[in-house]
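1. Sequence and computational prediction follow.
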Amino acid sequence: MKKQSFVTGAAILMAANAISKILGAVFKIPLTYILKEEGMAVYNISFQVYIMLLSFIISGFPFAISKLVAEDISKKDARKARLTVKISTLILSSVGIAGSLALYFGADFFALAMKEENAVYAIKAVAPAVFFVALGTEYKSYFQGASNMIPTAISQVVEAIIKLAAGYGLAVYFINYGIAKTSGGAIMGVTAGEIVATAILMLLYFTGKREGRLKSTREERSEIIKSLLAVAIPLLCASVVADMMNVVDTTMVRSRLLDAGLGEDEARFLYGAYTGYALTVFHLPVGILATLGVSILPIIAGAMAVNDLKRAGRAMKLALELTIFLAVPCAVIMLTQSEGILKLLFNNTASARMLTVVAPCVIMMSVSQICSSVLQSANKIMLPFFFALAGSVIKLLVGYVLVGNPEYNIYGSAISDIIPLE
């Protein structure tokens with residue numbers, strides 16, 4: 001197994017993430033022509049429901065697995081690291097099946113809760129992806145904990161390619177069946193991408209493993225389960241609360257746009273423009289820089305496991321400096337060239353001002369992400385959550401006031417993203 005340094009691992013993941021994000025944007029460019037703003041609103045709402053349930057099912061486990069693997073490898077106990085993967089596979093596969101079934105059969109409920117009845121087909125189409133993400137999580141987390149970012153990079157790029165090809169092809173196929181089914185076809189590409197990505201991760205894991213059957217005692221298995229849950233459950237609870245806040249925020253924005261005097265179609269148009277265009281561009285650099293947190297995790301966790309505080313401190317300083325160095329230019333370009341970027345990517349500049357308003361968040365959100373990863377890797381598991389929760393409450397309050405004001409409408413949501421991070 002090839003182990004990379006923090007900078008090398010970060011470079012590999014950032015390159016892969018950049019490719020997958022660009023492919024995602026390329027996917028959305030023709031998709032916006034097919035779905036328009038109304039269809040993009042359905043697509044994004046369905047995707048949010050999927051992410052919400054996915055987070056409820058597996059959130060906390062990727063970090064917990066990577067952290068335990070990093071600690072075991074730092075202590076020269078590769079066997080225990082592999083045993084962690086085996087046990088987590090049984091746990092996550094079970095909850096993944098339950099999650100997919102809940103999302104599929106609860107599609108009507110979720111669509112109604114999000115005030116978007118057209119999202120039923122799309123929610124059902126993405127439901128199987130929950131299981132495949134859960135199944136692939138333990139293998140991806142193992143490689144990341146072992147500071148081997150190449151399998152993750154390969155799976156991400158292939159996933160993005162499959163998502164693009166399948167999603168666009170299915171959207172075109174269903175184009176004559178209305179917005180609901182066309183959006184469902186588009187998001188079905190997510191399911192196809194996750195199936196292929198999971199298959200790749202499993203193939204790389206099992207072909208790279210030379211050891212025979214893993215034997216373990218009940219005490220050893222119990223210890224690993226307790227260690228996993230000790231990290232995963234607090235993060236899971238934090239993630240559930242955070243995702244619930246996001247759902248509340250989405251519902252609040254849609255409702256307050258109507259309260260501001262906008263018609264239902266106009267409200268859907270503005271929400272689709274903001275989430276489908278402006279936030280798509282915004283999340284490109286934020287998502288790419290999030291890989292720094294993935295790369296720093298095994299360094300910090302491994303150093304803390306052997307009480308090497310100097311190494312942990314050096315890694316933390318380097319990660320923070322690199323994050324700021326990369327985030328500032330991204331925010332400046334987005335702030336000054338929002339119209340040109342949207343014109344180039346989507347040939348649609350309707351959300352240029354929205355992107356300009358939200359651009360400064362790139363710096364603050366990127367720094368927040370890396371600080372959270374460092375704190376959690378150093379066993380301060382819940383501290384970032386409390387700060388994030390306070391910020392979410394402020395965001396909701398500010399958004400409620402501003403979005404319902406006809407002078408601000410959707411721009412109130414962009415402004416509310418900035419204030420809690422300042």
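-> Received the coordinates, thanks.
2. right, and Thr32 touches Tyr43 too?
-> No. Thr32 lies out of contact with Tyr43 (Cβ atoms under 8 Å); the separation is 9.6 Å. C-beta coordinates here come from the backbone N, C-alpha and C atoms, glycine included.
3. hey, what's in contact with both of those two?
-> Gly276 (Cβ atoms under 8 Å, 6 or more residues apart in numbering).
4. and after the worst-scoring helix or strand of the chain on mean pLDDT, which helix or strand comes next?
-> In the chain, no helix or strand scores lower on mean pLDDT, DSSP states H and E than helix 6-58, which sits at a mean of 80. Sequence order places helix 61-74 as the next helix or strand after helix 6-58, per DSSP states H and E.
5. list the helices and strands the helix or strand just after that next one packs on?
-> As assigned by DSSP H and E, the chain's next helix or strand after helix 61-74 is helix 78-105. Counting contacts by 3 or more Cβ pairs under 8 Å, 6 or more residues apart in numbering; DSSP states H and E, helix 78-105 is packed against helix 6-58, helix 61-74, helix 120-126, helix 128-145, helix 218-259.
6. buried sites along helix 78-105?
-> Buried positions in helix 78-105, judged by neighbour count with 16 or more other Cβ atoms under 10 Å: 80-85, 87-89, 91-92, 95-97, 99-100, 102-103.
7. Which one's more surrounded, Thr32 and Tyr43?
-> In this view Thr32 and Tyr43 are compared by other Cβ atoms under 10 Å, and Tyr43 has more residues nearby, 30 against 22.
8. ok, now which ones touch the more buried one?
-> Applying Cβ under 8 Å, 6+ apart to Tyr43 gives the contacts Leu31, Leu35, Ala122, Ser183, Ala186, Ile187, Gly276.
9. Return the member of those nearest to Gly136.
-> Nearest to Gly136, judged by Cβ to Cβ, of the contacts of Tyr43 is Ile187 at 18.4 Å.
10. how close does the closest one get to Leu13?
-> Between Ile187 and Leu13 the computed distance is 25 Å (Cβ to Cβ, to the nearest Å).
11. Among those two, which residue is more densely surrounded?
-> Ile187 (28 against 24).
12. Which strands or helices does the one helix or strand the more buried one maps to pack on?
-> Per DSSP H and E: Ile187 is located in helix 179-207. Applying 3+ Cβ pairs under 8 Å, 6+ apart, we find helix 179-207 packed against helix 6-58, helix 120-126, helix 128-145, helix 150-173.
13. Could you list the buried residues of it?
-> Buried residues in helix 179-207 (16+ other Cβ under 10 Å): 179-198, 200-202, 204-205.
14. quick one: which of the helices and strands packed on helix 179-207 is nearest Asp259?
-> Evaluated with Cβ to Cβ, those place helix 6-58 nearest to Asp259, the distance being 17.6 Å.
15. Now do that closest one against helix 78-105, angle only.
-> On the basis of axes from the mean of the first three to the mean of the last three Cα atoms, to 10 degrees, helix 6-58 is oriented at 50 degrees to helix 78-105.
16. Pull the distance from helix 6-58 to the chain's centre.
-> How far helix 6-58 lies from its chain's middle: 8 Å, per Cα atoms, centre = their mean, to the nearest Å.
17. again with stretch 298-318
-> Centroid separation for stretch 298-318 versus its chain: 25 Å, with Cα atoms, centre = their mean.
18. And for stretch 189-202?
-> 16 Å.
19. Convert the C-alpha atoms of that stretch to PDB, please.
-> The C-alpha trace of stretch 189-202 is given here as PDB (Å, rounded to 0.1, in the frame of the first residue of the first chain):
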ATOM      1  CA  GLY A 189     -27.200   9.300 -12.600                       C
ATOM      2  CA  VAL A 190     -26.200   9.800  -9.000                       C
ATOM      3  CA  THR A 191     -27.300   6.200  -8.200                       C
ATOM      4  CA  ALA A 192     -25.400   4.800 -11.200                       C
ATOM      5  CA  GLY A 193     -22.200   6.700 -10.200                       C
ATOM      6  CA  GLU A 194     -22.300   5.400  -6.700                       C
ATOM      7  CA  ILE A 195     -22.700   1.800  -7.800                       C
ATOM      8  CA  VAL A 196     -19.600   2.000 -10.000                       C
ATOM      9  CA  ALA A 197     -17.600   3.900  -7.400                       C
ATOM     10  CA  THR A 198     -18.300   1.400  -4.700                       C
ATOM     11  CA  ALA A 199     -17.400  -1.500  -7.000                       C
ATOM     12  CA  ILE A 200     -14.000   0.100  -7.700                       C
ATOM     13  CA  LEU A 201     -13.200   0.700  -4.000                       C
ATOM     14  CA  MET A 202     -14.100  -2.900  -3.200                       C
END
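20. follow-up on the earlier one: okay, the helices and strands packed on helix 179-207 in CSV with distance to Ile225 next?
-> CSV is the format used below for the helices and strands packed on helix 179-207 (distance: least, Cβ to Cβ, whole Å):
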stretch, distance to Ile225
helix 6-58, 16
helix 120-126, 30
helix 128-145, 13
helix 150-173, 25
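21. between these, which one is nearest to Gly293?
-> Comparison of these against Gly293 by Cβ to Cβ identifies helix 6-58 as nearest, at 9.4 Å.
22. now the angle from that closest one to helix 179-207?
-> Computed by the same axes, to 10 degrees, the angle separating helix 6-58 from helix 179-207 equals 120 degrees.
23. neighbours around the residue lying closest to Met252 once chain neighbours are set aside, how many?
-> Nearest in space to Met252, with sequence neighbours left out and distances taken as Cβ to Cβ, 6 or more residues apart in numbering, is Tyr400 at 5.9 Å. For Tyr400, the neighbour count with other Cβ under 10 Å is 18.
24. So Tyr400 is in contact with Arg256, correct?
-> Yes. Assessed by Cβ under 8 Å, Tyr400 is found in contact with Arg256 at 6.3 Å.
25. how near is the closest residue to Lys21 other than its chain neighbours to Arg256?
-> Once flanking residues are discounted, Lys21 sits nearest to Leu284: 4.8 Å by Cβ to Cβ, 6+ apart. As defined by Cβ to Cβ, Leu284 lies at a distance of 27 Å from Arg256.
26. Next, the buried residues of stretch 306-319.
-> Asp308, Ala312, Ala315, Met316, Leu318, Ala319.
27. contacting residues around the last one?
-> Contacts were defined as Cβ under 8 Å, 6+ apart; by that measure Ala319 touches Phe6, Leu292, Gly293, Ser295, Ile296, Ile370, Ser373, Val374.
28. if we go to 10 Å?
-> Ala319 is in contact with 6-7, 10, 292-293, 295-296, 299-300, 370-371, 373-374, counting by Cβ atoms under 10 Å, 6 or more residues apart in numbering.
29. what's the answer for the third one, then?
-> Remark: with contacts taken as Cβ under 10 Å, 6+ apart, Ala315 is in contact with 5-7, 295-300, 302-303, 308, 374, 377.
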